[in-house]
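have a look at this prediction, sequence included:
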Amino acid sequence: MLNKYPAARVPLMLGFLIVVWGLNWPLSKLALHYTPPLLFAGIRTLIGGLVLLLFALRKREQLRFRQNWPLYLISALLNIVCFYGLQTVGLGYLPSGLFSSIVFLQPVLLGLFSWLWLGEAMYSMKVAGLVLGFVGVATISAGAISQHVSTIGVVLALGTAVSWAFGAVYMKKTSHKVDSTWMVCLQLLMGGALLTAAGSATESWAGIQWTGSFVGDLLFIAVFVIAFGWLTYFILMGSGEASKVGSFTFLIPLVSIFGSSLMMGEPITVNLVVGLLLVLVSICLVNIKPRALKTVS
């Protein structure tokens, strides 16, 4: 049921996803000055789900909620509740650079899980590329690593990476059973409702400062990062090899750091330049298919 898109659009979709998901980190960091974390995570995902609902309702016959609700719920738990919940809480325990470098172990895990459960080809060049990409992200974030590292923070970051990898594989594996718009819409609405309930039970709505900058930040994240970002990711995951799509997400921390530099004056370091080169090489390695496999396919 996945919509097929012309190959020429794939680079544009990848570019859009990398930019908006990269900007999500500094924008979320700014937004957290005005709001408690769980309520913010819940509100933005609920708004994103409602935006997609406007488009999904035109294909209401493809919802099949009675048949597909377990798929929607599992995806919501992995991609929204665990991913955003662990991420939001974990950032309180670790520097954002270190936390993001651990989270972007995800493409490596995604490559492994895609080989184990999706039957994608695994060869030495792809393994080297995935590992090199993670080394690149770790190099970029090395300057943010302090001597006092929270064990809880590391566990939460690893949990974020694992839940995202499992969620991505699950989306790929079920993409032929559900409509792409409904899958993303329902996972956002279900996950957003659970996160908002958790935030309401543990945080105060009075702690939200509804300033113009916060509302603008919230709407940008909800519409472009959450709604259309996840829809784009779902389509890309269903259209190509999950591990290859995952390799491009190594670029997201680079956009995040450049965005943080522009928005908050954070410095661009030698680590960033070296890490960027490693990431670019890693993407090339993952996407170069050996001749033997080309002949077979």
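Perfect, I can see it now.

so where is the stretch 101-250 of the chain shaky, pLDDT-wise?
By pLDDT under 70, the low-scoring segments of the stretch 101-250 of the chain are 101, 140-149, 240-243, 246-247, 250.

what about the helices in it?
Taking DSSP state H, counting those that start in this stretch as the criterion, the stretch 101-250 of the chain carries its helices at 106-117, 124-141, 151-174, 180-202, 212-220, 229-239, 242-248.

most tightly surrounded among those helices?
The highest mean neighbour count among those, using mean count of other C-beta atoms under 10 Å, belongs to helix 242-248: a mean of 25. In this view, the C-beta of every residue, glycine as well, is placed from N, C-alpha and C.

out of the helices of the stretch 101-250 of the chain, nearest to residue 271?
The closest of the helices of the stretch 101-250 of the chain to residue 271 is helix 124-141. By C-beta to C-beta, the value is 5.5 Å.

helices and strands around that closest one, which ones?
Packing contacts for helix 124-141, counted by 3 or more C-beta pairs under 8 Å, 6 or more residues apart in numbering; DSSP states H and E, involve helix 96-103, helix 106-117, helix 242-248, helix 252-264, helix 270-287.

coming back round to it: format the helices of the stretch 101-250 of the chain as CSV; extra columns: distance to residue 41.
Converted to CSV, the helices of the stretch 101-250 of the chain look like this (distance: least, C-beta to C-beta, whole Å):
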stretch, distance to residue 41
helix 106-117, 18
helix 124-141, 22
helix 151-174, 12
helix 180-202, 5
helix 212-220, 11
helix 229-239, 14
helix 242-248, 23
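
related to what we said a few turns ago, residue 234: which of the helices and strands packed on helix 124-141 is closest?
Closest among the helices and strands packed on helix 124-141, using C-beta to C-beta: helix 242-248, at 10.5 Å.

for residue 30, which of the helices of the stretch 101-250 of the chain is the nearest?
Residue 30 lies closest to helix 212-220 among those, at 6.1 Å (C-beta to C-beta).

how far does that closest one sit from the chain's center?
A distance of 20 Å separates the centroid of the chain from that of helix 212-220, by C-alpha atoms, centre = their mean, to the nearest Å.

just the CA atoms of it, as PDB, please.
Written as PDB, here are the backbone C-alpha positions of helix 212-220 (Å, rounded to 0.1, in the frame of the first residue of the first chain):
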ATOM      1  CA  GLY A 212       5.300  33.900  19.900                       C
ATOM      2  CA  SER A 213       8.700  32.300  19.400                       C
ATOM      3  CA  PHE A 214       7.600  29.200  21.300                       C
ATOM      4  CA  VAL A 215       4.400  28.800  19.300                       C
ATOM      5  CA  GLY A 216       6.300  29.300  16.000                       C
ATOM      6  CA  ASP A 217       8.900  26.800  17.000                       C
ATOM      7  CA  LEU A 218       6.200  24.300  18.100                       C
ATOM      8  CA  LEU A 219       4.300  24.600  14.800                       C
ATOM      9  CA  PHE A 220       7.400  24.300  12.700                       C
END
